Structure formats: C-alpha cells, structure tokens
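A.B. asks: quick check, what structure comes out for this input:
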Amino acid sequence: MEIEFAGEVVEWRGPAPFFFVALPPDAADLVDDVKADVVYWGVVPVRAWIGDTEFTTAMFPREDTWFLPLKVAVRRAEDVDLGQVVDVRMQVGR
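C.D. replies: Predicted coordinates for the structure are as follows:
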C-alpha cells in the first residue's frame, strides 16, 4: 500500500534528540487497516521518500498515530528541520 501525506517534523527527546513526522489521522487509519499483516515487534516497516531521498525505516505507534522516524542523512539531504512541514510518500510493509 502506498500513502502520501504532509506532516510537521517534531522532536522526541530521549538520550539523544530524534526527529519524526506524525501521520495525520487519515493516513494513520490506513496503516491501522493493514498493520496486522505487516507489523513485527510492534513496528511497521516502510520505504519512504521525502523529496528525492528514499529511505527505509520502521514506524511505531505513539499518541494515537504512527511516527515516521527521519534519519539524519535524510534531513541533511533534503534540508529538513524541526517544525517544517514535509511531503511524504511511503510504501507500507516489507
């Protein structure tokens, strides 16, 4: 399944800061519909694109949605910063 959405880059502080894009409710609902078929260890694997940059990662549930982690290499390649709204295209599953 392929999903496209726009979302704000947010920070979740832990031992080191991590950056994510929270899926909007309609996109999160689509993931919820297929999660039983693709989830492993509580996360959902995805292939995602921001701009021209493609990356693989795994989303996890938080705050009634799914959080898409943004790797440092992706943020640097696409000049993405905290608070910015980015367009995301992703394929859910392996």
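
A.B. asks: please count neighbours and contacts with C-alpha atoms only from this point.
C.D. replies: OK.

A.B. asks: next one: phi and psi at Ala77?
C.D. replies: Reported as degrees, to the nearest 10, the phi and psi values for Ala77 are phi -60, psi -40.

A.B. asks: neighbours around it, how many?
C.D. replies: Applying other C-alpha atoms under 10 Å, we find 12 other residues in the vicinity of Ala77.

A.B. asks: got it, and the one 4 residues further on?
C.D. replies: The number of residues packed around Asp81, counting by other C-alpha under 10 Å, is 15.

A.B. asks: secondary structure class for it?
C.D. replies: Remark: Asp81 carries the secondary structure label coil [criterion: DSSP: H, G, I helix; E, B strand; the rest coil].

A.B. asks: quick one: it from Lys35, how far?
C.D. replies: Computed with C-alpha to C-alpha, to the nearest Å, the distance linking Asp81 and Lys35 is 29 Å.

A.B. asks: cool, Val85 as well?
C.D. replies: Taking C-alpha to C-alpha as the measure, Val85 falls 25 Å from Lys35.

A.B. asks: these two: who's more crowded?
C.D. replies: Neighbour tally, Val85 and Lys35, criterion other C-alpha under 10 Å: the higher count belongs to Lys35, 17 against 14.

A.B. asks: which outside residues touch the helix or strand that contains the more buried one?
C.D. replies: When elements are assigned from DSSP states H and E, Lys35 belongs to helix 25-38. Counting contacts by C-alpha atoms under 8 Å, 6 or more residues apart in numbering, the residues outside helix 25-38 that touch it are Ile3, Glu4, Phe5, Val44, Pro45, Thr65, Trp66, Val92, Gly93, Arg94.

A.B. asks: same check, this time on stretch 71-85
C.D. replies: Defining contact as C-alpha under 8 Å, 6+ apart, one finds that stretch 71-85 is touched by 6-11, 19, 50-55, 86.

A.B. asks: can you flag the buried ones in these?
C.D. replies: When the contacts of stretch 71-85 are checked for burial by 16 or more other C-alpha atoms under 10 Å, the buried set is Ala6, Gly7, Glu8, Val9, Val10, Phe19, Ile50, Val86.

A.B. asks: center of this structure, which residue is that?
C.D. replies: Leu68 (1.9 Å; C-alpha atoms, centre = their mean).
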